[in-house]
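Undergrad: from the sequence below, what's the structure:
(chains A, B and C)
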Amino acid sequence: MDNAVSVRNVSKSYGEVEALRNLSLDFPRGQLTSLLGPSGCGKTTLLKIIAGLIEADSGEILVDGKTVTGPGPDRSFVFQDFALLPWATVLRNVAFGLELRGVAKAEREETARRFIKDVGLAGFENSYPHELSGGMRQRVGLARALSVDADVILMDEPFSAVDEQTRRKFQEDLLSLVQNESKTFIFVTHSIEEAVYVSDQIAILLPRPSRVSEIIRPGSFRQKSVENIRRDSEYLDIVDRIWASLRSYVE
Amino acid sequence: MPYRSLLLKLLSAGLVFGAWEIAGRIPVSYAFPTFLESMQSLLAMTLDGSLFKAYAETLRPLIVGVAISAVFGIVLGLWIGLSEKFDWLFSPIFIVMQTAPLAALIPLLVMAYGIGLTSKVFVVCIMAMPVIVLNTAGAVRNTPFSMKEMARSFLATERDVILKVIIPAASPLIFSGLRLGISAGFIGAILSELKITPTGVGDIITYSRSIADYPAMYAAIFSIILLAVLFLNVLEKVELHLFKGNNRGYASD
Amino acid sequence: MYLFGYKLPGMSSLLVWGALWELIGRLDLTFFVPPLSKVIVTLFSIIGTPAFLSALGDTAYAFIMGVVFAVVIGVPVGIFMGKNRLLDELLLPWVNIFLSAPLTALVPVLMVLFGFGVTTIIITTTLFAIWIIILNSRAGVMQMNRSLIEMARCFGASPLEAFTKIYFWAALPEILGGIRIGVIRAVKGVIIGQLLVSIVGFGALFELYSSNFLMSHFWAVLVVLFALAFTISELLAWLERRVAFYAAKR
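TA: From the prediction side, this is the model:
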């Protein structure tokens, strides 16, 4: 299996606190891998190191065989709190990644409109973030991340700040997105159900010291239609299994 | 009730002006003219042009001073907000300037720079700059980290981050700092006219007081307050019109 | 800011500026700026003098009275505006007007109505401080968590109990913030009042020293005034912090 991203012996400390210690992990190309674990296990730190936003103390990250030294055009990020520019319209927000790359205005707006339509926000191009609901704002964030056509999409608990119904819809949409795009997705979450639902591969991280305790590859139910997955017995088994092992880590 | 807000504002104005009229008629004091008398005087001054001449005098140091304060203040504020060294060096000075009663320096400035335009511009500047600088610096420093991180993740350069994220994010606070600075500058302009040289509107006030023409005095003061309020409101509308995105709803959304 | 790995305290750059002041003074670059050391020496010499103490007394009296009036009138008005929509809509335009208006322009009116004495100065001080106190008290009430109000009614609190046990404390951080800013404005107000009336207090001293070109004295008084204003402001900020520990949880 070809790995889009490889993490090799990465360590990161914040003063006394060891966020990551000698962590190694591979992310297969074209699939969605979740980083799942209780708070404090370093999953967001790892994600940001892969993104190039934080520097690791030691170890290296390889993306498509090349070492990561900072943010790059091969990776894009979806933020938990959306990180939209409140003074810009939806159109400008989605086109922002392209704007920073120097793409001409007409071209980037056309690209942006396409992705705005894809995420279901057609008609809202000239609205401002504060006029949108939480779910809509995250769709703007998603459209922005998709429009720069990066190989690797990094998502930091992207659905945690929206309501439950919207969250479920997002999870269903994410499944079809992963299938239709040939991109690699790395997804941080602390929801077990969410991880088992959307992932091709789940890496369970445990804290103190941060390490990969287990890698699970859900099998048969990925082919099922979205409505039936949550009742599939393998799905439920995996969820219970993970909860049993994580339970002791919740204070 | 439609137009409720407008009606209530008119009612409120009516109550206050009505109370003024009544107080003038009692009279509360021999030096307290009625509302109508003052308005008459105001009309007379407007029609014979003396009001405009006076404002031309008064507004000159104000406009120059505010322009200088705005340009230097915002640039300085940006620098202080972006550079830790600059912040350490300059913030305390401006904090001191904001807390200290700088008005006390006016006689000193007069001695140093005479009674002309220079000292009045100086007065406006020392009153207006601290709040502009501190507001700008604070806004820059408090730019949400997540937005800066987002820009970096999409490959923004340092320059991009400053121009496309930090400054737009700070602009509502910068504008409110400007408005506060203009108010303070206005106080400086009037103060220097009342204290330094009788010119412009300050002169109308002191002169009419000395000849006991109280309606004229009150009229001049009324016009100052009216002008200040109108100008600041217009400024706010202009800001929201030019920077449509600045009307951002509530932070709690 | 770090130097050789040690974190420099907040306002320490003032030491650098102080040194600069000393240098400018010694080099005699301008008559109007004597060396800082001379100013400090003069400061200590005049602090005990009757002229200074009486000026301090007058100013302190006017300042305290002005602030007391501003708080005693401003806080309740602000609270009522926050609770009553009609009152708010009637009064708010005026509060906003006077907040940003050049209040200095009103001082001649006050002088004409109330004479050249301490009353005018007290009223000036009150006027400078009261508007922001009203606005912040109003804001403190308006941003109060609705659930607290519902909770009070649920548990059967009487209006007075609700006010003293809940609303007052919930709005307090904001109110204290308003008072702190109001106090700073009051200092400006009392000085401006004295400058224009210039018969009493520090205003008179400034006149005296500047017209007699006693620069060190002038700066000494200014430094004392600033130190007082700063101390009061910091005291209030400290008080605000002690109260505000729960403010973030609102």
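Undergrad: helices along chain C, start to end?
TA: Secondary structure of chain C, counting by DSSP state H: helices at C:13-26, C:36-47, C:50-83, C:85-100, C:107-114, C:118-142, C:146-154, C:159-162, C:168-197, C:201-211, C:215-243.
Undergrad: what's around residue B:75, how many residues?
TA: 12 (other CB atoms under 10 Å in any protein chain shown). Placement of C-beta: from N, CA and C, glycine included.
Undergrad: same question, residue C:166
TA: When counting by other CB under 10 Å, one arrives at 17 neighbours for residue C:166.
Undergrad: can you pull the residues of chain A lying near chain B?
TA: A:51-53, A:71-73, A:75-77, A:79, A:81, A:83, A:85-89, A:96-97, A:99-101, A:128, A:130-131, A:144, A:148 (CB under 8 Å from any CB of the partner chain).
Undergrad: among the residues you listed, which lie within helices?
TA: Those of the residues of chain A next to chain B lying in helices (DSSP H): A:51, A:96-97, A:99-100, A:144.
Undergrad: any of the residues of chain A next to chain B buried? List them.
TA: By neighbour count, with 16 or more other CB atoms under 10 Å in any protein chain shown, the residues of chain A next to chain B hold A:51-53, A:71-72, A:75-77, A:79, A:81, A:83, A:85-89, A:96-97, A:99-100, A:128, A:130, A:144, A:148 as buried.
Undergrad: out of the residues you listed, which are inside strands?
TA: Applying DSSP state E to those, the entries found in strands are A:75-77.
Undergrad: one step back: which stretch among the helices of chain C comes nearest residue A:114?
TA: Among the helices of chain C, helix C:146-154 comes nearest to residue A:114, with 43.0 Å by CB to CB.
Undergrad: and the angle from the closest one to helix C:168-197?
TA: Orientation note: helix C:146-154 sits at an angle of 120 degrees relative to helix C:168-197 (axes from the mean of the first three to the mean of the last three CA atoms, to 10 degrees).
Undergrad: circling back: can you narrow the residues of chain A next to chain B to ones near chain C?
TA: Restricting the residues of chain A next to chain B to those within reach of chain C (CB under 8 Å from any CB) leaves nothing.
Undergrad: how about the contacts made by residue A:18?
TA: A:11-12, A:208-210 (CB atoms under 8 Å, 6 or more residues apart in numbering or on different chains).
Undergrad: how about the secondary structure of it?
TA: strand (DSSP: H, G, I helix; E, B strand; the rest coil).
Undergrad: tell me what it is bridged to.
TA: Residues in a beta bridge with residue A:18, per DSSP bridges, are residue A:13.
Undergrad: run a quick neighbour tally on residue B:234.
TA: For residue B:234, using other CB under 10 Å, the count is 10.
Undergrad: what pLDDT does it get?
TA: Here, the pLDDT recorded for residue B:234 equals 88.
Undergrad: mean confidence for stretch C:75-87?
TA: The average pLDDT within stretch C:75-87 is 87.
Undergrad: now tell me what touches that stretch from outside.
TA: Stretch C:75-87 is contacted by residues B:8, C:88, C:91-92, C:95, C:133-142, C:167, C:171, C:175, C:178-179 when judged by CB under 8 Å, 6+ apart.
Undergrad: per-residue pLDDT, the closest residue to chain B within chain A?
TA: Chain B sits closest to residue A:87 of chain A, with a gap of 2.9 Å, by CB to the nearest CB. Looking at residue A:87, its pLDDT is 84.
Undergrad: so it sits against residue B:170, correct?
TA: No - look at residue A:87 against residue B:170 with CB atoms under 8 Å: they stay out of range, at 10.5 Å.
Undergrad: what about residue 84, neighbour count?
TA: Reading this off chain A. 25.
Undergrad: you answered for a different chain; I wanted chain C.
TA: Neighbourhood size, residue C:84 [other CB under 10 Å]: 12.
Undergrad: with residue C:150 instead?
TA: For residue C:150, the count of nearby residues is 10 (other CB under 10 Å).
Undergrad: pull up the per-residue confidence for it.
TA: You'll see residue C:150 listed with a pLDDT of 76.
Undergrad: residue contacts, residue B:23?
TA: Per CB under 8 Å, 6+ apart, neighbours of residue B:23: B:32, B:34.
Undergrad: tell me which element it falls in.
TA: Assigned by DSSP states H and E, residue B:23 belongs to helix B:4-25.
Undergrad: buried ones in that helix?
TA: For helix B:4-25, burial by neighbour count (16+ other CB under 10 Å) applies to B:8-9, B:12, B:20-21, B:24.
Undergrad: torsion angles phi and psi at the residue in chain A positioned nearest to chain C?
TA: Per CB to the nearest CB, residue A:15 is where chain A lies closest to chain C, at 14.7 Å. Phi and psi for residue A:15, reported as degrees, to the nearest 10, are phi 60, psi -120.
Undergrad: give me the number of residues near it?
TA: Residue A:15 has 5 nearby residues by other CB under 10 Å.
Undergrad: how about residue B:141?
TA: When neighbours are counted by other CB under 10 Å, residue B:141 registers 16.
Undergrad: many thanks, we can stop here.
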